[in-house]
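Student: Build me a structure from this.
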Amino acid sequence: MRDRMIFALYRPPLPLSNGSRIRSHRLLRGLSRHFDITLITFEHDPRSPDGGFDRTEIERVLPDVEVLTAPGRGPRKRTGQARSLLWTRSWAFGRYRLPQFERLLASTISRRKPAIVHFDDLGVGQFGPASGVLSTFAPHNVEHRIVELAARTTGGARRAFASVEWRKLRSEERRVWRRMPLCLAVSDLDAQTMIDGGARRVEVCPNGTDEVARLALPRRRPGEPLRLLFVGSADYQPYERGIAWFVSEALPRLQQIVPATFDVVGVPPRRPVPAAGVRYVGRVPTVDEWYERCHAVVVPMFEGSGTRLKIVEAMAYGRPVVSTPLGAQGLPLSAGTHYHCADDAPAFVRMLAEVAINCEQDGGLMASMLDEARQAITPLFWPHITERLSELYRSEIDLRRARQGASPG
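Tutor: Numbers count the residues shown, from 1 in each chain. Reported below is the predicted structural model:
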């Protein structure tokens, strides 16, 4: 008989519109091969920033997962943010501390008697640990670091709000880290931050990508534009600011040397910067054709936490990556061996001009880098990640039973 797990998260794992939802979905799909899972999440108002809830689609995509929901948040974002300044809780995650979710979680634990409760984010992590049950906290980022950087880089009301918000988030995160018997981090860097913040035990469960067929080497005819690509949710503030910087500072300098275009695929920025050769594509049914037509992927990221799925995905497809050091941080990658590293506009121009030349030539140097990159990220394909996580969870469950004097099963 398989053990039962409760998998709690503050937003449904669909649609697969950003890295956070993709991670939750892939973990659910992989863990459901080893555990009988009950998913508990919020059913938010469709007009809310959290988006709607499509039970039929979730049950179709995750047929082996039982789905339970509690009423979620309403549509008013700005009003809520203003009111949150008077709270001790954060706006970003503290607003999900709703009694209806707490009641649903408690009743489901009592009824289902799970071996483990997996809290997938800070929004639900604040309800843990669950009494009498192995509990794990598996956040996708160290959230307060992201907002702290935003407080330094934005201005006006946004800066004032972020300056208050990040301190609340730090307090909430540290409280959860210290209470949970086991925390999961997406990188060694995040793991160290958790340990420094008082976490009792931290294991790394990295971000990953799907195993896809590697594309042929990108080739560029003389005079043809160098086609650059960014894939991700560009409304996420660190990405939005990085893209705006690249479009304003790096791309025009590159275009003075070599013709170049830049496609931004995914949820568009809230305030897109228009420029020659730049196209904000929006969401697409599949990213395959965009990787196939591009010559290189750029990751102009200067703030944030966690790790970038888009870098791993680009390397799986066989496309060269030009990224800031922070963009590749936390991944098992070395600058110059697996990706081109650039930390300012001249460096981006230099690296991309080199890519343009390699795409015109026989591609020997590029092929070597792409081979090394593919080998480095192979352990980050989702089936490998979820198998290792399942083994960790089974080991922890068996150890807990042994300590309690109970036999498995």
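Student: shaky segments in this protein?
Tutor: 76-80, 82, 304-307, 362-364, 406-409 (pLDDT under 70).
Student: can you give me the strands for it?
Tutor: All strands of the chain, identified by DSSP state E, fall at 4-8, 36-43, 65-71, 116-119, 134-137, 182-185, 202-204, 226-231, 260-265, 278-282, 296-299, 321-323, 340-341.
Student: Give me the helices and strands touching the longest one, please.
Tutor: In this structure, strand 36-43 makes packing contacts with strand 4-8, helix 19-31, strand 65-71, helix 99-112, judged by 3 or more C-beta pairs under 8 Å, 6 or more residues apart in numbering; DSSP states H and E. Just so you know, the C-beta spots here come from the backbone N, C-alpha and C atoms, and that holds for glycine as well.
Student: so of these, which one's packed in deepest?
Tutor: Among the helices and strands packed on strand 36-43, strand 4-8 has the highest mean neighbour count (mean count of other C-beta atoms under 10 Å), at a mean of 24.
Student: Determine the set of other helices and strands touching that strand.
Tutor: helix 19-31, strand 36-43, helix 99-112, strand 116-119.
Student: can you give me how far the third one is from the chain middle?
Tutor: Think helix 99-112. Distance of helix 99-112 from its chain centroid, counting by C-alpha atoms, centre = their mean, to the nearest Å, is 27 Å.
Student: rewinding a little: so which of the strands of the chain is nearest R95?
Tutor: Smallest distance to R95 across these (C-beta to C-beta): 10.7 Å, for strand 36-43.
Student: what's that closest one in contact with?
Tutor: For strand 36-43, the external contacting residues (C-beta atoms under 8 Å, 6 or more residues apart in numbering) are 2-13, 28, 31, 50, 53, 58, 62, 64-73, 96, 98, 101, 104-105, 108, 112, 114, 124.
Student: can you give me the angle it makes with helix 19-31?
Tutor: Orientation check (axes from the mean of the first three to the mean of the last three C-alpha atoms, to 10 degrees): strand 36-43 against helix 19-31 gives 160 degrees.
Student: Now do R175 against G128, distance only.
Tutor: As judged by C-beta to C-beta, to the nearest Å, R175 and G128 stand 11 Å apart.
Student: Comparing those two, which residue is more hemmed in?
Tutor: G128 (20 against 15; other C-beta atoms under 10 Å).
Student: V231 contacts E313, doesn't it?
Tutor: Yes: here V231 reaches E313: they are 6.9 Å apart, a contact under C-beta atoms under 8 Å.
Student: hey, what's in contact with both of the two?
Tutor: Common neighbours of V231 and E313, using C-beta under 8 Å, 6+ apart, are V287.
Student: ok so, going back, save the strands of the chain as TSV, and put in distance to P332 too.
Tutor: Shown next, in TSV, are the strands of the chain (distance: least, C-beta to C-beta, whole Å):
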stretch	distance to P332
strand 4-8	27
strand 36-43	29
strand 65-71	30
strand 116-119	24
strand 134-137	23
strand 182-185	14
strand 202-204	11
strand 226-231	20
strand 260-265	25
strand 278-282	30
strand 296-299	16
strand 321-323	14
strand 340-341	15
